[in-house]
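**Student:** Would you be able to build a 3D model of this:
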Amino acid sequence: MLSSRFSQNGLGLGALLFCLFFCASASWGQSEGDLLTGDQAVYRDGKVDVPLTDDVHFGVLFHTQGVGVTLRRGFYQHAFKVRSFGADFAFFKHPKEIKTSNPVYDNGRPYVYGKQNTLQVLRFWFGSHSLKTEKLRKDAARFSTAWKVGASLGILKPVYLEIGYPDIPYDYVATERYNSLEHYSDNIYGQGPWSSGLDELSVTPGVHASYALDFEYGNERFMPKTLTAGIAADAFLTAPEIFADRFEQNNRLFVTLFATFEIGRNWTR
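**Tutor:** Below is the predicted model of the structure:
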(Lines give C-alpha, C1' and ligand atoms only; values in the text may rest on other atoms or scores of the structure.)
Protein backbone atom coordinates (compact mmCIF):
# COMPACT_ATOMS: atom_id res chain seq x y z
CA MET A 1 0.00 0.00 0.00
CA LEU A 2 2.79 2.38 1.02
CA SER A 3 4.91 1.46 -1.97
CA SER A 4 1.90 1.97 -4.29
CA ARG A 5 1.33 5.52 -2.94
CA PHE A 6 5.04 6.23 -3.21
CA SER A 7 5.03 5.05 -6.81
CA GLN A 8 1.97 7.16 -7.67
CA ASN A 9 3.44 10.24 -5.97
CA GLY A 10 6.77 9.68 -7.78
CA LEU A 11 5.05 9.45 -11.14
CA GLY A 12 3.05 12.60 -10.38
CA LEU A 13 6.16 14.47 -9.29
CA GLY A 14 8.05 13.33 -12.39
CA ALA A 15 5.22 14.43 -14.64
CA LEU A 16 5.12 17.85 -12.91
CA LEU A 17 8.90 18.34 -13.26
CA PHE A 18 8.76 17.31 -16.93
CA CYS A 19 5.96 19.78 -17.57
CA LEU A 20 7.84 22.61 -15.83
CA PHE A 21 11.03 21.80 -17.74
CA PHE A 22 9.20 21.68 -21.08
CA CYS A 23 7.43 25.00 -20.47
CA ALA A 24 10.63 26.70 -19.30
CA SER A 25 12.55 25.39 -22.31
CA ALA A 26 9.88 26.59 -24.72
CA SER A 27 9.76 30.01 -23.06
CA TRP A 28 13.55 30.35 -23.03
CA GLY A 29 13.84 29.30 -26.64
CA GLN A 30 11.20 31.83 -27.70
CA SER A 31 12.91 34.57 -25.72
CA GLU A 32 16.29 33.71 -27.18
CA GLY A 33 14.82 33.69 -30.65
CA ASP A 34 13.32 37.15 -30.14
CA LEU A 35 16.56 38.59 -28.80
CA LEU A 36 18.91 36.91 -31.28
CA THR A 37 18.41 39.38 -34.07
CA GLY A 38 15.73 41.79 -35.20
CA ASP A 39 16.56 40.85 -38.77
CA GLN A 40 15.07 37.39 -38.28
CA ALA A 41 11.64 39.04 -38.34
CA VAL A 42 12.29 39.97 -41.98
CA TYR A 43 12.51 36.50 -43.42
CA ARG A 44 10.42 34.11 -41.35
CA ASP A 45 10.46 31.39 -43.98
CA GLY A 46 11.58 28.44 -41.91
CA LYS A 47 15.30 29.23 -42.16
CA VAL A 48 17.60 30.51 -39.40
CA ASP A 49 19.28 33.76 -40.43
CA VAL A 50 22.81 34.48 -39.27
CA PRO A 51 23.06 37.92 -37.58
CA LEU A 52 24.80 40.55 -39.75
CA THR A 53 28.11 42.10 -38.68
CA ASP A 54 29.20 44.51 -41.46
CA ASP A 55 27.85 46.70 -44.24
CA VAL A 56 29.02 49.21 -46.82
CA HIS A 57 26.86 51.73 -48.73
CA PHE A 58 27.45 54.09 -51.64
CA GLY A 59 24.99 56.63 -52.98
CA VAL A 60 24.08 60.00 -54.44
CA LEU A 61 23.34 63.04 -52.29
CA PHE A 62 20.83 65.78 -53.11
CA HIS A 63 20.55 68.85 -50.89
CA THR A 64 18.93 72.27 -51.07
CA GLN A 65 22.16 73.95 -52.22
CA GLY A 66 23.61 71.33 -54.56
CA VAL A 67 24.43 67.66 -55.13
CA GLY A 68 27.13 65.17 -54.16
CA VAL A 69 28.07 61.59 -53.36
CA THR A 70 28.27 59.67 -50.08
CA LEU A 71 30.06 56.56 -48.80
CA ARG A 72 29.69 54.81 -45.43
CA ARG A 73 31.05 51.72 -43.69
CA GLY A 74 29.02 50.17 -40.87
CA PHE A 75 29.61 47.73 -38.01
CA TYR A 76 26.64 46.09 -36.25
CA GLN A 77 26.79 46.56 -32.48
CA HIS A 78 23.72 44.33 -32.21
CA ALA A 79 20.57 43.74 -34.24
CA PHE A 80 19.21 47.23 -33.56
CA LYS A 81 22.26 49.51 -33.80
CA VAL A 82 24.94 50.09 -36.45
CA ARG A 83 28.00 52.23 -35.80
CA SER A 84 29.42 53.74 -38.98
CA PHE A 85 31.95 56.13 -40.43
CA GLY A 86 32.13 57.62 -43.88
CA ALA A 87 32.70 60.55 -46.21
CA ASP A 88 30.63 62.93 -48.33
CA PHE A 89 31.71 65.11 -51.23
CA ALA A 90 29.19 67.80 -52.14
CA PHE A 91 28.97 70.87 -54.36
CA PHE A 92 27.48 73.98 -52.72
CA LYS A 93 25.90 77.01 -54.37
CA HIS A 94 25.20 80.39 -52.84
CA PRO A 95 21.42 80.98 -52.47
CA LYS A 96 21.71 84.19 -54.54
CA GLU A 97 23.36 82.60 -57.59
CA ILE A 98 21.62 83.57 -60.83
CA LYS A 99 23.12 82.75 -64.22
CA THR A 100 23.34 85.40 -66.90
CA SER A 101 24.89 85.62 -70.37
CA ASN A 102 26.49 88.13 -72.70
CA PRO A 103 23.71 90.27 -74.26
CA VAL A 104 25.45 90.48 -77.65
CA TYR A 105 27.30 87.20 -78.13
CA ASP A 106 25.08 84.11 -77.90
CA ASN A 107 27.99 81.67 -78.08
CA GLY A 108 29.36 82.57 -74.66
CA ARG A 109 28.57 80.13 -71.86
CA PRO A 110 26.27 81.39 -69.04
CA TYR A 111 28.01 82.59 -65.87
CA VAL A 112 27.14 83.95 -62.41
CA TYR A 113 27.99 87.63 -62.21
CA GLY A 114 29.94 88.43 -59.06
CA LYS A 115 30.86 84.83 -58.24
CA GLN A 116 34.44 84.66 -57.00
CA ASN A 117 34.88 80.95 -56.19
CA THR A 118 33.08 77.63 -56.42
CA LEU A 119 32.63 75.75 -53.13
CA GLN A 120 33.00 72.00 -52.68
CA VAL A 121 32.73 70.42 -49.23
CA LEU A 122 34.53 67.24 -48.20
CA ARG A 123 33.19 65.68 -44.98
CA PHE A 124 34.64 62.96 -42.78
CA TRP A 125 32.21 61.72 -40.14
CA PHE A 126 31.15 58.98 -37.75
CA GLY A 127 27.63 58.18 -36.60
CA SER A 128 24.98 55.65 -35.67
CA HIS A 129 21.81 54.06 -37.07
CA SER A 130 19.16 52.98 -34.54
CA LEU A 131 16.49 50.56 -35.75
CA LYS A 132 12.95 51.63 -34.82
CA THR A 133 10.74 49.38 -36.95
CA GLU A 134 11.84 46.08 -38.48
CA LYS A 135 10.65 44.71 -41.82
CA LEU A 136 7.96 42.13 -41.07
CA ARG A 137 7.80 40.87 -44.64
CA LYS A 138 10.00 40.99 -47.70
CA ASP A 139 8.17 43.82 -49.46
CA ALA A 140 8.08 46.11 -46.40
CA ALA A 141 10.50 48.86 -45.31
CA ARG A 142 12.80 49.02 -42.30
CA PHE A 143 12.75 52.37 -40.48
CA SER A 144 15.74 53.78 -38.57
CA THR A 145 16.97 57.10 -37.22
CA ALA A 146 20.53 58.19 -37.95
CA TRP A 147 22.91 60.88 -36.73
CA LYS A 148 26.46 61.77 -37.69
CA VAL A 149 29.09 64.32 -36.67
CA GLY A 150 32.54 65.08 -38.00
CA ALA A 151 34.80 67.48 -39.85
CA SER A 152 34.06 69.54 -42.96
CA LEU A 153 36.68 70.88 -45.33
CA GLY A 154 35.53 73.70 -47.60
CA ILE A 155 37.47 73.65 -50.88
CA LEU A 156 37.39 76.88 -52.90
CA LYS A 157 38.29 76.95 -56.60
CA PRO A 158 38.64 80.35 -58.32
CA VAL A 159 36.18 81.22 -61.07
CA TYR A 160 37.70 81.87 -64.50
CA LEU A 161 35.87 83.80 -67.20
CA GLU A 162 36.43 84.51 -70.87
CA ILE A 163 37.02 88.27 -71.19
CA GLY A 164 36.58 90.14 -74.48
CA TYR A 165 39.00 92.86 -75.62
CA PRO A 166 39.05 95.73 -76.27
CA ASP A 167 35.29 96.50 -76.23
CA ILE A 168 32.20 95.22 -78.03
CA PRO A 169 32.74 94.14 -80.77
CA TYR A 170 35.67 92.13 -79.37
CA ASP A 171 38.85 91.56 -81.30
CA TYR A 172 39.88 88.60 -79.14
CA VAL A 173 38.90 86.71 -75.98
CA ALA A 174 41.23 85.78 -73.07
CA THR A 175 40.62 83.40 -70.14
CA GLU A 176 41.22 85.23 -66.85
CA ARG A 177 40.53 84.78 -63.17
CA TYR A 178 37.48 86.81 -62.24
CA ASN A 179 38.24 90.21 -60.71
CA SER A 180 35.20 92.16 -59.50
CA LEU A 181 37.03 95.48 -59.92
CA GLU A 182 38.02 94.88 -63.55
CA HIS A 183 35.46 92.57 -65.12
CA TYR A 184 31.95 93.79 -65.89
CA SER A 185 28.96 92.49 -67.80
CA ASP A 186 29.96 94.36 -70.97
CA ASN A 187 33.38 92.67 -71.25
CA ILE A 188 32.56 89.17 -69.94
CA TYR A 189 32.13 86.91 -72.95
CA GLY A 190 31.19 83.82 -70.89
CA GLN A 191 32.18 81.15 -68.36
CA GLY A 192 35.74 79.86 -68.65
CA PRO A 193 36.83 76.19 -68.67
CA TRP A 194 36.02 74.27 -65.47
CA SER A 195 39.61 73.00 -65.20
CA SER A 196 40.99 76.54 -64.90
CA GLY A 197 41.96 77.26 -61.29
CA LEU A 198 42.52 73.68 -60.15
CA ASP A 199 46.10 74.61 -59.24
CA GLU A 200 44.90 77.53 -57.09
CA LEU A 201 42.65 75.74 -54.59
CA SER A 202 42.26 77.07 -51.05
CA VAL A 203 40.63 75.42 -48.04
CA THR A 204 38.74 76.43 -44.91
CA PRO A 205 38.12 73.94 -42.06
CA GLY A 206 34.80 73.39 -40.29
CA VAL A 207 32.50 70.92 -38.53
CA HIS A 208 29.48 68.93 -39.66
CA ALA A 209 26.39 67.45 -37.98
CA SER A 210 23.21 65.88 -39.34
CA TYR A 211 20.11 63.96 -38.29
CA ALA A 212 17.99 61.85 -40.64
CA LEU A 213 15.27 59.26 -41.10
CA ASP A 214 16.39 56.13 -42.90
CA PHE A 215 14.17 53.75 -44.90
CA GLU A 216 15.62 50.45 -46.10
CA TYR A 217 13.62 48.49 -48.65
CA GLY A 218 14.06 45.67 -51.15
CA ASN A 219 13.74 41.89 -51.09
CA GLU A 220 17.48 41.11 -50.98
CA ARG A 221 18.71 40.83 -47.41
CA PHE A 222 22.40 41.17 -48.35
CA MET A 223 21.94 43.93 -50.97
CA PRO A 224 19.82 46.65 -49.31
CA LYS A 225 18.55 49.84 -50.92
CA THR A 226 18.17 52.86 -48.69
CA LEU A 227 16.41 56.21 -48.93
CA THR A 228 17.46 58.77 -46.30
CA ALA A 229 16.06 62.26 -45.65
CA GLY A 230 17.15 64.76 -43.02
CA ILE A 231 18.73 68.06 -42.05
CA ALA A 232 22.45 68.90 -42.05
CA ALA A 233 24.63 71.77 -40.83
CA ASP A 234 28.18 72.75 -41.84
CA ALA A 235 29.94 75.53 -39.94
CA PHE A 236 33.32 76.88 -41.10
CA LEU A 237 36.07 78.73 -39.27
CA THR A 238 35.91 81.53 -41.84
CA ALA A 239 33.14 82.27 -44.31
CA PRO A 240 33.90 80.66 -47.70
CA GLU A 241 34.12 83.47 -50.28
CA ILE A 242 31.68 82.34 -52.96
CA PHE A 243 30.67 85.86 -54.02
CA ALA A 244 32.91 88.91 -54.10
CA ASP A 245 32.21 90.91 -50.94
CA ARG A 246 30.85 93.90 -52.86
CA PHE A 247 28.03 91.76 -54.32
CA GLU A 248 26.67 89.40 -51.63
CA GLN A 249 27.35 88.44 -48.02
CA ASN A 250 29.11 85.12 -47.51
CA ASN A 251 28.12 82.99 -44.51
CA ARG A 252 30.04 80.64 -42.24
CA LEU A 253 26.99 78.43 -41.55
CA PHE A 254 25.21 76.29 -44.14
CA VAL A 255 21.97 74.56 -43.04
CA THR A 256 20.46 72.30 -45.69
CA LEU A 257 17.76 69.70 -46.14
CA PHE A 258 19.04 66.60 -47.89
CA ALA A 259 18.09 63.22 -49.30
CA THR A 260 20.32 60.32 -50.30
CA PHE A 261 19.69 57.19 -52.32
CA GLU A 262 22.12 54.40 -51.47
CA ILE A 263 22.77 50.80 -52.47
CA GLY A 264 24.86 48.54 -50.29
CA ARG A 265 26.14 45.17 -49.26
CA ASN A 266 25.69 43.38 -45.92
CA TRP A 267 27.65 40.38 -44.75
CA THR A 268 28.63 38.25 -41.76
CA ARG A 269 32.23 37.70 -40.75
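**Student:** Is residue 164 bridged to anything, and to what?
**Tutor:** In this entry, residue 164 is beta-bridged to residue 173, by DSSP bridges.
**Student:** quick one: it from residue 182, how far?
**Tutor:** 13 Å (Cβ to Cβ, to the nearest Å). Any C-beta I mention is one placed from the backbone N, CA and C, and that applies to glycine too.
**Student:** Between those two, which is the more surrounded one?
**Tutor:** residue 164 (22 against 9; other Cβ atoms under 10 Å).
**Student:** was I right about the more buried one contacting residue 183?
**Tutor:** No: using Cβ atoms under 8 Å, residue 164 makes no contact with residue 183, being 10.1 Å away.
**Student:** Could I get the phi/psi values of residue 198?
**Tutor:** phi -70, psi -20 (degrees, to the nearest 10).
**Student:** thinking it is in contact with residue 158, fair?
**Tutor:** No: between residue 198 and residue 158 there is no contact under Cβ under 8 Å: 9.3 Å.
**Student:** Who has more neighbours out of the two?
**Tutor:** residue 158 (18 against 10).
**Student:** Enumerate the beta-bridge partners assigned to that one.
**Tutor:** Counting by DSSP bridges, residue 158 forms beta bridges with residue 117.
**Student:** dump the residue contacts of it.
**Tutor:** Residues near residue 158 by Cβ atoms under 8 Å, 6 or more residues apart in numbering: 116, 117, 177, 178, 196, 197, 200.
**Student:** go again using 6 Å as the cut-off
**Tutor:** Shown in contact with residue 158 (Cβ atoms under 6 Å, 6 or more residues apart in numbering): 117, 177, 197, 200.
**Student:** Likewise for residue 73?
**Tutor:** 56, 85.
**Student:** Report whether it is found in a helix, as I expect.
**Tutor:** No: using DSSP: H, G, I helix; E, B strand; the rest coil, the secondary structure at residue 73 is strand, not a helix.
**Student:** For beta bridges, what are the partners of it?
**Tutor:** residue 56, residue 85.
**Student:** how much space between it and residue 82?
**Tutor:** Residue 73 is 10 Å from residue 82, by Cβ to Cβ.
**Student:** Give the burial count for the nearest residue to residue 244 once chain neighbours are set aside, as a bare number.
**Tutor:** Spatial nearest neighbour of residue 244, excluding adjacent residues (Cβ to Cβ, 6 or more residues apart in numbering): residue 180 at 3.8 Å. Around residue 180 there are 15 other residues, counting by other Cβ under 10 Å.
**Student:** Relative to residue 113, how far out is residue 180?
**Tutor:** Counting by Cβ to Cβ, the gap from residue 180 to residue 113 is 9 Å.
**Student:** again with residue 174
**Tutor:** Residue 174 is 18 Å from residue 113, by Cβ to Cβ.
**Student:** Between those two, which is the more surrounded one?
**Tutor:** residue 113 (19 against 12).
**Student:** what about the strands in the stretch 151-269 of the chain?
**Tutor:** 160-165, 172-177, 188-191, 202-217, 225-236, 253-267 (DSSP state E, counting those that start in this stretch).
**Student:** Mean pLDDT and distance to residue 145 added to those, as CSV?
**Tutor:** Below are the strands of the stretch 151-269 of the chain laid out as CSV (pLDDT from 0 to 100; distance: least, Cβ to Cβ, whole Å):
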stretch, mean pLDDT, distance to residue 145
strand 160-165, 97, 43
strand 172-177, 96, 45
strand 188-191, 96, 42
strand 202-217, 96, 6
strand 225-236, 97, 9
strand 253-267, 95, 15
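**Student:** so which of those strands gets nearest residue 142?
**Tutor:** Residue 142 lies closest to strand 202-217 among the strands of the stretch 151-269 of the chain, at 4.2 Å (Cβ to Cβ).
**Student:** could the contacts of residue 158 be laid out in TSV, adding distance to residue 212?
**Tutor:** Below are those laid out as TSV (distance: Cβ to Cβ, whole Å):
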residue	distance to residue 212
117	29
177	38
197	33
200	35
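**Student:** closest to residue 228 among those?
**Tutor:** Nearest member of these to residue 228, counting by Cβ to Cβ, is residue 117, at 29.2 Å.
**Student:** contacting residues around that closest one?
**Tutor:** Residue 117 sits in contact with 156, 158, 241, 242, where contact means Cβ under 6 Å, 6+ apart.
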